[in-house]
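1. Sequence first, then the predicted structure, then my questions.
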Amino acid sequence: MNKKNALNQPLDTEVLIIGAGIAGISAAYHLKKYRPNSTFTILEGRDDIGGTWSLFRYPGIRSDSDMQSFAFGFKPWTEKRTFGSAQMICDYLHETITENGIDQHIQFGSYVTSAEFSSSEGLWTVKVKQKDQKGLTTLRSRFLLMGTGYYDYNNGYTPEFKGTEEFQGQIIHPQHWPENLNYSGKKVVVIGSGATAVTLIPAMAKDVGHITMLQRSPSYVIAMPSVDPIAVALNKVLSPQRAYEIIRKKNITLSRGMFNLSRRFPDVMRRLLIADVRRRLPKDFDVATHFSPKYNPWDERLCVVPDGDMFKAISSGKASVVTDHIERFTKEGILLKSGKVLEADIIITATGLNMLAFSKIQLTVDGKKINYPDTTIYKSMMLSDIPNFAFAFGYTNIAWTLKVDLVWQHFCRLLDYMDENKYGTFTPIILNKDMKRVPFVDLSPGYVQRGLAQFPMAGTEGNWTLQHDYKFDLERLNKGSVVDKALQFTTILPKKKLTVVTEPSTEELKIKA
């Protein structure tokens, strides 16, 4: 583009968005709707949009949040299925970018390696490795937005198991599912008990000889209907948008209610969840061993099984559950600590993800390299001491996308405010240097605990707090002021010093009035 911004500095685009998954697409939509005069470009390292949903190819892959909550607030989910398959979600995302003219803003095969901000120019200089090209391309923008997710797209997590080289069958991680894998009539063992495992078991059960879920310890599993009868009824009598708004509100309320009840009355919720599992399985099934976790509900995400499909697979005899520890792999399968051998033709290691902070993109501000763990998250979407930067991580206890939409709505309002006041940069600044910092998530899965150390921290005061609470964020991001004393603005004038402006907080403005 080679346009110039209002500050007479050269730039390629006003806003540079990294990642064409749900977060990046949401950012682009909100910029087009609320900032029609802003230029933006999306850089996507892969050759397709959709992030997780176009990357993973294992059988049965689907959402584990209801799609009326997980879909964008601005585009109704019109399919009858509550838990969308990966293909359905990708189709929905492709519709979104086409309907809103976002597709023409995406550059595929563009891997961002680093980004450096210059305070004297008020610009980001971003280094990009283009697919099939030597060297790096440079792009300049005023604002840098991260929609890169939170895990390593190149490598899934597999623990070191003894004897893997002895096993004569195939070992597969779901993140690297081979095309046209033939598992018809085979003996399959799935290692893991999380969302991926409970999706794979029923999806493969009808074709395999037998499939076994091998877990060290059980997870909470909850059956939900795959089609919401209330949603079907409302869609018959109301417009798609109106029906969607009502269903979405209902589902958000129910999801938040279940989470809050689990936190306040964990023993009650534990008994209810386990009782529901018990009534769906044969009377002689050992629920106490295989489906009674030692932790409280929502210390980890609940695993959803649409229409109780996994319980049906177990009841049919095509699937089974073994709770034990692995001693080693053998030629025939897996030797367990108990001495039992699980024979297998295929072993699937549904053992989790490797978390990765901002795709390892190295940020630098005025020559100083940023170490993400040293930064603190501001308003759930910015980082301390990093100018003109924002990101979107979704919720861990409710649909991911709800948070993403709120973040970009707030970001657009922030840019409007800057335009009105002729500001060039914003930077979150911690005023209380003694403020305690805490991890930004409090869930206990292994992949979270392994990866937390590389991520920014949350604060414990004011807008530095981070709560995985949709109602809280609705007030702060959707309705709350963009003005805050912890957010400093500058006006950048050519050949002059920066003028630093610290805006008063909303409370201070009320006192003055």
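-> Ah, there it is.
2. my read: F40 touches H30, true?
-> No - the pair F40 and H30 fails to qualify as a contact (C-beta atoms under 8 Å) at a distance of 10.2 Å. For the C-beta atoms, the positions are set from N, CA and C on the backbone; glycine is no exception.
3. low-confidence ranges in the protein?
-> Confidence mapping of the chain against pLDDT under 70 gives the ranges 1-10, 443-448, 492-513.
4. ok, which stretches of it are helices?
-> The residue ranges that make up the helices of the chain, judged by DSSP state H, are 22-34, 52-55, 67-70, 86-99, 195-205, 229-237, 240-264, 266-280, 287-290, 309-316, 400-421, 446-451, 470-473, 506-512.
5. Rebuild those helices as TSV, extending it with distance to E343.
-> Written out in TSV, the entries for the helices of the chain read as follows (distance: least, C-beta to C-beta, whole Å):
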stretch	distance to E343
helix 22-34	40
helix 52-55	31
helix 67-70	38
helix 86-99	30
helix 195-205	16
helix 229-237	43
helix 240-264	38
helix 266-280	27
helix 287-290	20
helix 309-316	19
helix 400-421	38
helix 446-451	27
helix 470-473	46
helix 506-512	65
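6. Just send those back as JSON lines, with mean neighbour count and distance to L383 too.
-> Written out in JSON lines, the entries for those read as follows (neighbours: other C-beta atoms under 10 Å; distance: least, C-beta to C-beta, whole Å):
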{"stretch": "helix 22-34", "mean neighbour count": "24", "distance to L383": "15"}
{"stretch": "helix 52-55", "mean neighbour count": "20", "distance to L383": "23"}
{"stretch": "helix 67-70", "mean neighbour count": "24", "distance to L383": "26"}
{"stretch": "helix 86-99", "mean neighbour count": "17", "distance to L383": "27"}
{"stretch": "helix 195-205", "mean neighbour count": "24", "distance to L383": "29"}
{"stretch": "helix 229-237", "mean neighbour count": "13", "distance to L383": "38"}
{"stretch": "helix 240-264", "mean neighbour count": "16", "distance to L383": "27"}
{"stretch": "helix 266-280", "mean neighbour count": "15", "distance to L383": "33"}
{"stretch": "helix 287-290", "mean neighbour count": "15", "distance to L383": "42"}
{"stretch": "helix 309-316", "mean neighbour count": "20", "distance to L383": "40"}
{"stretch": "helix 400-421", "mean neighbour count": "20", "distance to L383": "13"}
{"stretch": "helix 446-451", "mean neighbour count": "17", "distance to L383": "17"}
{"stretch": "helix 470-473", "mean neighbour count": "17", "distance to L383": "17"}
{"stretch": "helix 506-512", "mean neighbour count": "10", "distance to L383": "22"}
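7. nearest to F440, of the ones you listed?
-> Evaluated with C-beta to C-beta, the helices of the chain place helix 446-451 nearest to F440, the distance being 10.3 Å.
8. Quick check: which of the helices of the chain is nearest to A357?
-> Taking C-beta to C-beta as the criterion, A357 comes closest to helix 446-451 out of these, the separation being 7.9 Å.
9. re earlier: between the helices of the chain, which one is nearest to S110?
-> Counting by C-beta to C-beta, S110 lies closest to helix 22-34 out of those; the figure is 12.0 Å.
10. and that closest one, what other elements does it pack with?
-> strand 13-18, strand 40-43, helix 86-99, strand 137-146, helix 400-421 (3 or more C-beta pairs under 8 Å, 6 or more residues apart in numbering; DSSP states H and E).
11. Relative to A350, which of the helices of the chain is closest?
-> Put simply, out of the helices of the chain the one that sits nearest A350 is helix 195-205, at 4.3 Å, with distance taken as C-beta to C-beta.
12. And the contacts of the closest one?
-> The set of residues that contact helix 195-205 without belonging to it, under C-beta atoms under 8 Å, 6 or more residues apart in numbering, is 58-62, 64, 174, 183, 188, 190-191, 211, 213, 215, 219, 221, 301, 303-305, 309-310, 312-313, 316, 318-319, 348, 350.
13. Now a ChimeraX select for only the buried ones of those.
-> The command below creates a ChimeraX selection of those among the contacts of helix 195-205 that count as buried (16 or more other C-beta atoms under 10 Å):
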select :58,59,60,61,62,64,174,183,188,190,191,211,213,215,219,221,301,303,304,305,309,310,312,313,318,319,348,350
